[in-house]
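K.L.:
Compute the structure for the input listed below.
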Amino acid sequence: MINLDAHFPSYTQFNPEVPVWCVTPHEGRVIHRFFDTSPFSPSGRYMALFRMPFENRYPVPGERGQIVWVDLQEGTEAVIADTCGWESQIGANVQWGTSDTEIYYNDVDTTTWKPIGVRLNPFTGSKHIFEQGLFVISPDGKSAATTCPLRARRTQDGYGVIVPDDCLPKNNGLPYDDGIYITDIESGQRKQLISLGSMLESLGSQVNLDTYRTGESYGFQCRYNPQGTRLMMILRWLKPGGGEIKQAITVKSDGSDVRLAVSPEQYSKGGHHINWHPDGEHLTMNLNINGDGIRFVQFRYDGTGLHKLVDNPGSGHPTVHSNGTHLLTDAYLKDTPAYGDGTVPLRWVDLRNGHETAIVRIHTQQAYDNTLRVDPHPAWDAGFKRIAFNGFADGTRRVYVADVSSLL
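P.N.:
Sure thing, here's the model as predicted:
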């Protein structure tokens, strides 16, 4: 195990239940990507992060942030690239491939205002460019999957890339020219795996197609299961005149077998943040299934078997440990488990009995708008013994690492 005490300051506020270190103690303005991928390299020695150029406003097209590489063993930090393919919540989608020589991130070709993906070798600086960009790399490292990173802004700021407004596509009715895109990393060739229109048609009587022929439909985020056999995507339908309906859809990795995982009716009761269970057959989520508030729930990729995991209130960005018996999540400032003073817990929940521990309490409060909020987004390393999370300290965003091995 790497000795983080040798190079990084310990975080001791509010007496954490586990050892915690700040791994970006210097310049700040740094975040890791999201809760569904690991910022730790496959070997566990390095971290790939993103530094915003500023924190008090939203970016405009062409403004560049930095890809930051942290060597946990040596305690060093280096800027290894810059990019204008980012937004405030998940940066430039910085993530690892299958080895420490592969860092992936989004950029934008400012001559055409088209998103692109980059594979970077942090040791040599060599780059490989591919079309469309990425939301997630497949578990085998051979493909990049994404919904349209341009259209993401049509539904919610923070998760795509910034281009001039006149370069922002708009969907109407049942879109057949937008959907889930897959790029073969080696060839750089992109294909549309399945269109949004085809997905909706495949669901048949489970959705009202006449409804979707009005308004605008967009894909938002997508995730491979850990086995690489299925993808999950959130489809967001914007109503004419305002408002939206969400649903979760899964497909096989070849685009077949379209299934409705969370219906619009179920989603409308209240729900957010969904992720694959380690078994690859199920998903976990914050969802209000009984009308008594958000809870942690689980269901199969086709929506069957929906049930509450524990009675504890749901919050934040939940993931289940590979052992299947523990859940990790954070909280929004307005969630029930938050402390009401600008701090939130990292929650460790035993799914066998509901016993819960606030393993870390961290500041996320900042003085800007909701789009610029700081979410911890706790994410595992490959061995499921360490987690990375974001916080707000000394007036800036910072990234922390906690060793949770003692809890297992």
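
K.L.:
C-alpha only now, for contacts and for neighbours.
P.N.:
Will do.

K.L.:
check which helix or strand covers residue 231.
P.N.:
Residue 231 is part of strand 230-238, with elements assigned from DSSP states H and E.

K.L.:
Show me what that strand is packed against.
P.N.:
Counting contacts by 3 or more CA pairs under 8 Å, 6 or more residues apart in numbering; DSSP states H and E, strand 230-238 packs against strand 216-224, strand 244-252.

K.L.:
Please work out the average pLDDT along the last one.
P.N.:
Averaged across strand 244-252, pLDDT comes to 96.

K.L.:
That strand vs strand 230-238, what angle?
P.N.:
Calculated by axes from the mean of the first three to the mean of the last three CA atoms, to 10 degrees, strand 244-252 forms an angle of 160 degrees with strand 230-238.

K.L.:
Give me the angle between strand 244-252 and strand 216-224.
P.N.:
Going by the same axes, to 10 degrees, strand 244-252 makes 40 degrees with strand 216-224.

K.L.:
Neighbouring strands - and their directions - for strand 244-252?
P.N.:
strand 230-238 (antiparallel), strand 259-262 (antiparallel) (DSSP bridges).

K.L.:
got the ones you listed as CSV, with distance to residue 112, mean neighbour count and mean pLDDT columns?
P.N.:
Shown next, in CSV, are the strands paired with strand 244-252 (distance: least, CA to CA, whole Å; neighbours: other CA atoms under 10 Å; pLDDT from 0 to 100):
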stretch, distance to residue 112, mean neighbour count, mean pLDDT
strand 230-238, 27, 22, 97
strand 259-262, 36, 23, 98
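
K.L.:
now, of the helices and strands packed on strand 230-238, which is deepest in the fold?
P.N.:
Across the helices and strands packed on strand 230-238, the average number of neighbours (mean count of other CA atoms under 10 Å) peaks for strand 216-224, which reaches a mean of 24.

K.L.:
Check which helices and strands that strand sits against.
P.N.:
Against strand 216-224 (3+ CA pairs under 8 Å, 6+ apart) you get strand 136-137, strand 143-146, strand 179-184, helix 196-202, strand 230-238, strand 271-276.

K.L.:
among those, which is the most enclosed?
P.N.:
Counting by mean count of other CA under 10 Å, the most buried of these turns out to be strand 136-137, with a mean of 26.

K.L.:
Around residue 30, count how many other residues there are.
P.N.:
Residues near residue 30, counting by other CA atoms under 10 Å, number 28.

K.L.:
ok, and the closest non-adjacent residue to it?
P.N.:
residue 51 (4.3 Å; CA to CA, 6 or more residues apart in numbering).

K.L.:
doesn't residue 26 make contact with the one you found?
P.N.:
No. Between residue 51 and residue 26 there is no contact, the gap being 11.8 Å when judged by CA atoms under 8 Å.

K.L.:
Give me the more crowded residue out of those two.
P.N.:
residue 51 (23 against 10).

K.L.:
residues in contact with that one?
P.N.:
When contacts are counted by CA atoms under 8 Å, 6 or more residues apart in numbering, residue 51 touches 28-31, 65-68, 91.

K.L.:
Excluding its own residues, what touches the one helix or strand in the chain whose mean pLDDT sits lowest? List them.
P.N.:
Ranked by mean pLDDT, DSSP states H and E, the weakest helix or strand in the chain is helix 209-212, scoring a mean of 90. Contact with helix 209-212 is made by 173-174, 200-201, 237, as judged by CA under 8 Å, 6+ apart.

K.L.:
what's the neighbour count on residue 347?
P.N.:
Count around residue 347 with other CA under 10 Å applied: 22.

K.L.:
now do residue 203
P.N.:
Residue 203: 16 neighbours (other CA under 10 Å).

K.L.:
Check the contact between it and residue 256; I expect there is one.
P.N.:
No. With contact defined as CA under 8 Å, residue 203 does not reach residue 256; the gap is 11.7 Å.

K.L.:
Which elements pack onto the strand or helix carrying residue 344?
P.N.:
For residue 344, the host element (DSSP H and E) is strand 343-350. Counting contacts by 3+ CA pairs under 8 Å, 6+ apart, strand 343-350 is packed against strand 326-329, strand 356-363.

K.L.:
Would you format those as JSON lines with mean pLDDT included?
P.N.:
Output for the helices and strands packed on strand 343-350, formatted as JSON lines (pLDDT from 0 to 100):
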{"stretch": "strand 326-329", "mean pLDDT": "98"}
{"stretch": "strand 356-363", "mean pLDDT": "98"}
